[in-house]
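In: Sequence below, structure please.
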Amino acid sequence: MSDVAIPPAVPDAPQPRPRILIVDDQRNMRTTTALVLRQQGYQVTEAESGEAALSRLLAEPFDVVLTDLKMAPLDGLAVLRGALEISPSTQVIVMTGYGTVESAVEAMQQGAYDYVTKPFKESELLMRVQRALEQRRLLVDVGLFSDEFRQRYKLDNLVGRSAPMRELLTRLVRVAPTDVTVLITGESGTGKELIARAIHVNSKRSSRPFVPVNCAAISETLLESELFGHVKGAFTGAVKLRQGLFEEASGGTFFFDEIAETTPAFQAKLLRVIQEHEIRRVGDNASIPVDVRVIAATNRDLKQAIAEKRFREDLYYRLNVVPLHAPPLRERKEDIPLFAQHFISRFNQRNATRRTFTQGALKKMTAYDFPGNVRELENMVEQAAALAHSDEIDAADVFIEARTAVAPANPDTGVRTLAQEVDDAERRAIEVAMQRNEGQIEKVARELDVSTTTLWRKMKRLGIRKE
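Out: Numbering: from 1, shown residues only. Prediction:
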């Protein structure tokens with residue numbers, strides 16, 4: 001590295017020093033880079049492997065992660081995925097050697113903020129770190145849920161302040177400007193289409209069409225004709241040539257809802273569209289180039305569908321380039337009052353009313369698990385607002401079906417809770433898998449079908465040591 005003098009990036013103001021994690025299995029490179037950053041006033045932690053980096057990330061927060069790409073057994077991409085899963089606002093810069101820039105570009109497509117090529121100058125490294133810190137401050141200082149943030153990213157319909165929602169929106173803002181394929185998972189009623197629309201309006205394709213298709217609502221024959229179009233005489237009733245939705249959506253975004261409901265035959269054709277960027281009309285042999293971004297969503301377990309031969313594994317990996325999970329309401333109960341206020345405001349606008357909720361009504365809704373998620377909550381609010389005897393909606397006006405009114409277990413009875421039973425089952429499964437795989441975290445994660453980061457987090461929560 002050169003001796004270019006750079007003014008200290010961190011002033012002497014009484015504020016926390018930015019925290020940077022350096023991940024590199026080459027000791028000399030790691031310590032030299034750490035020294036340069038410490039001289040500029042940054043608080044630097046070093047990790048000699050991907051595993052050590054994930055342990056650090058789970059234990060303490062970092063503003064920037066600077067990671068090498070070529071490491072074993074956990075490489076820089078695994079560190080990147082782990083950092084974004086644990087703390088989505090953390091900025092990741094990947095370090096790569098000449099000849100592997102393609103890997104760095106792939107890392108940026110998966111959410112890395114920037115990359116730097118070895119050997120790099122001090123000035124280049126410090127400039128990229130400083131820009132990453134500015135991006136981090138923008139996300140934190142402006143706030144994910146300020147009016148400015150919402151107006152900038154057009155997220156008015158995505159309500160919530162919970163940690164799961166913050167993580168989702170941070171990843172959404174990261175992935176939207178790229179052109180990568182996104183797979184949105186989540187239970188019915190969690191707002192998967194709203195997430196897809198938010199990605200579209202924040203992409204470079206926002207001026208072009210957003211075309212949603214519910215795969216479960218259309219038969220396979222009609223689905224192919226609708227999407228790919230057909231030539232005259234392709235089937236009975238095909239009296240003239242017809243363009244498909246893919247052609248009409250050129251330059252825009254195609255959203256496949258309930259993608260798991262398609263047949264393997266159709267999945268093969270969709271795979272061709274994603275790989276080759278071209279289609280064939282029904283009854284035609286000629287290929288037509290198309291330029292669309294594909295976003296898919298499902299409430300099913302696609303890995304189970306793959307095991308049951310109902311979903312193509314190669315299509316799954318093409319769709320799951322960037323996974324986004326829409327959390328159910330029971331995992332973000334603090335958002336329920338916000339949703340309720342959002343829906344009652346919309347009801348008041350439509351009906352020229354002044355309905356409001358009492359604290360009792362909000363508490364009653366918050367205590368409910370909402371198996372139908374946001375869609376069920378919206379229905380509940382509409383019903384309560386329509387049937388309330390006055391403008392003040394009380395708990396008695398909020399109707400909850402009897403089947404959901406389950407009393408919590410009494411701790412004095414000694415009966416174990418479902419959460420305790422689940423924790424014990426997870427602990428046993430992890431410990432057995434650790435023994436079987438001699439403590440190799442990647443193998444354990446692969447066997448248990450979870451990400452390495454999720455496994456580390458569960459081990460920490462359950463008190464399981466690697467040894």
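In: contacts, neighbours, all on C-alpha from now
Out: Fine.
In: What is the neighbour count of residue 293?
Out: Residue 293: 23 surrounding residues under other C-alpha atoms under 10 Å.
In: How about it, nearest residue that isn't a chain neighbour?
Out: In space, residue 293 comes closest to residue 253 once its chain neighbours are excluded; the distance is 4.7 Å by C-alpha to C-alpha, 6 or more residues apart in numbering.
In: I'd assumed residue 209 was in contact with that neighbour.
Out: Yes: counting by C-alpha atoms under 8 Å, residue 209 is a contact partner of residue 253 at 6.5 Å.
In: Tell me which of these two has more neighbours.
Out: More crowded of residue 253 and residue 209, by other C-alpha under 10 Å: residue 253, with 27 against 17.
In: does that one have beta-bridge partners, and which?
Out: Judged by DSSP bridges, the bridge partners of residue 253 are residue 210, residue 293.
In: what residues do residue 253 and residue 209 have in common as contacts?
Out: Listed contacts common to residue 253 and residue 209 are nil; contacts here mean C-alpha atoms under 8 Å, 6 or more residues apart in numbering.
In: In contact with the residue nearest to the spatial centre of the chain, which residues?
Out: Residue closest to the average C-alpha location in the chain (C-alpha atoms, centre = their mean): residue 324, at 2.7 Å. Contacts for residue 324 (C-alpha under 8 Å, 6+ apart) come out as 168, 171, 172, 182, 183, 184, 185.
In: do that again at 6 Å, thanks
Out: If a contact means C-alpha atoms under 6 Å, 6 or more residues apart in numbering, then residue 324 has residue 184 as its contacts.
In: Relative to residue 173, how far out is it?
Out: Residue 324 sits 11 Å away from residue 173, going by C-alpha to C-alpha, to the nearest Å.
In: next one: residue 205
Out: Applying C-alpha to C-alpha, the value for residue 205 to residue 173 is 14 Å.
In: Using PDB, list the CA coordinates for stretch 104-118.
Out: Taking Å, rounded to 0.1, in the frame of the first residue of the first chain, the C-alpha atoms of stretch 104-118 are listed here in PDB:
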ATOM      1  CA  ALA A 104     -16.800  -9.300  -6.900                       C
ATOM      2  CA  VAL A 105     -19.600  -8.300  -9.300                       C
ATOM      3  CA  GLU A 106     -21.600 -11.300  -8.200                       C
ATOM      4  CA  ALA A 107     -21.100 -10.200  -4.600                       C
ATOM      5  CA  MET A 108     -22.500  -6.800  -5.400                       C
ATOM      6  CA  GLN A 109     -25.500  -8.400  -7.000                       C
ATOM      7  CA  GLN A 110     -26.000 -10.300  -3.700                       C
ATOM      8  CA  GLY A 111     -25.900  -7.100  -1.700                       C
ATOM      9  CA  ALA A 112     -22.300  -6.000  -1.200                       C
ATOM     10  CA  TYR A 113     -21.900  -2.200  -1.200                       C
ATOM     11  CA  ASP A 114     -18.600  -2.200  -3.100                       C
ATOM     12  CA  TYR A 115     -15.400  -4.100  -3.900                       C
ATOM     13  CA  VAL A 116     -11.700  -3.300  -3.900                       C
ATOM     14  CA  THR A 117      -9.000  -5.100  -6.000                       C
ATOM     15  CA  LYS A 118      -5.800  -6.300  -4.300                       C
END
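In: buried set for it?
Out: Using 16 or more other C-alpha atoms under 10 Å as the test for burial, stretch 104-118 gives 104, 107, 108, 109, 110, 111, 112, 113, 114, 115, 116, 117.
In: Which ones among these map onto helices?
Out: When DSSP state H defines the helices, the subset of those inside them is 104, 107, 108, 109.
In: The residue nearest to residue 293 touches residue 210, doesn't it?
Out: Yes: here residue 253 reaches residue 210: they are 4.9 Å apart, a contact under C-alpha atoms under 6 Å.
In: Phi and psi next, for residue 21.
Out: Main-chain dihedrals, residue 21, degrees, to the nearest 10: phi -110, psi 120.
In: which residues does it bridge with?
Out: Beta bridges link residue 21 to residue 45, residue 65, judged by DSSP bridges.
In: my guess is it meets residue 47, correct?
Out: No: in this structure, residue 21 is not within contact of residue 47 by C-alpha under 6 Å, at 7.2 Å.
In: which of those two has more neighbours?
Out: Neighbours of residue 21 and residue 47, each counted by other C-alpha under 10 Å, are more numerous for residue 21; the result is 22 against 19.
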